[in-house]
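[1] Whatever this is, show me its structure:
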Amino acid sequence: MNRIKSYIFTILISAAFIYGSFLCTLHVQCLHDLSKGSLVLFCTGFTIIIAGFIVINLLMESAHMDSTVMQRIAFSACITVLIFMGTHLFALHPYTHGCHIFSADNMAFYFGVYLVIFGVSFLHFLLKD
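    Numbers count the residues shown, from 1 in each chain. Sure, this is the predicted structure:
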């Protein structure tokens, strides 16, 4: 896979993971209010995440033909968890302007951003030839 394809796939898969994770986080926020369609949000987000997981496995198989199935599953799961946890953190703890930069809520936001950036970087590293 050449460099441009690697960047395009990284951006598309990362956006799908972030959007799916955000939908699952919205499900948590409106869990007790069925009128907001929380089950639909969760199912849509989970479907997007699973589809991204499968696409990562297929792309890693074409980029690294010597990798085993267990290695691809482990790396795909690691990327999924990193991006999901990061999105969950910065969606639930948005940056608050009135607080000190090192307050607990702002640190959770920054850690979420860090996890997402690390997950996307790891994904790009695995999709490169």
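[2] In the helix or strand hosting Phe125, which residues are buried?
    Assigned by DSSP states H and E, Phe125 belongs to helix 104-127. In terms of neighbour count (16 or more other Cβ atoms under 10 Å), helix 104-127 has its buried residues at 106, 108-110, 112, 115-116, 119-120, 123-124, 126-127. In this view, the C-beta of every residue, glycine as well, is placed from N, C-alpha and C.
[3] And the worst-scoring helix or strand of the chain on mean pLDDT, what's buried?
    Sorting the helices and strands of the chain by mean pLDDT, DSSP states H and E puts helix 3-29 at the bottom, at a mean of 82. Buried residues in helix 3-29, counting neighbours by 16+ other Cβ under 10 Å, are found at 6, 9-10, 13-14, 16-27.
[4] same deal with stretch 84-100?
    By 16+ other Cβ under 10 Å, the buried positions in stretch 84-100 come out as 84-91, 93.
[5] Now do the end-to-end distance for that stretch.
    26 Å (Cα to Cα, to the nearest Å).
[6] What average pLDDT does that stretch get?
    Per-region confidence: stretch 84-100 scores 79 on mean pLDDT.
[7] Lowest-confidence member of the buried residues of helix 104-127, which is it?
    Lowest confidence among the buried residues of helix 104-127: Asn106, with 78.
[8] Out of the buried residues of stretch 84-100, list just those in helices.
    84-91 (DSSP state H).
[9] Turn those into a markdown table, including distance to Gly45.
    Output for these, formatted as a markdown table (distance: Cβ to Cβ, whole Å):
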| residue | distance to Gly45 |
| --- | --- |
| Phe84 | 9 |
| Met85 | 14 |
| Gly86 | 15 |
| Thr87 | 10 |
| His88 | 11 |
| Leu89 | 16 |
| Phe90 | 16 |
| Ala91 | 11 |
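[10] Among those residues, which one sits closest to Ala77?
    Closest approach between these and Ala77, by Cβ to Cβ: Phe84, at 10.3 Å.
[11] mind listing what the most centrally placed residue in the chain touches?
    With distances taken as Cα atoms, centre = their mean, Ile83 lies nearest the centre of the chain, 2.9 Å away. Applying Cβ atoms under 8 Å, 6 or more residues apart in numbering to Ile83 gives the contacts 14, 17-18, 21, 115-116, 119-120, 123.
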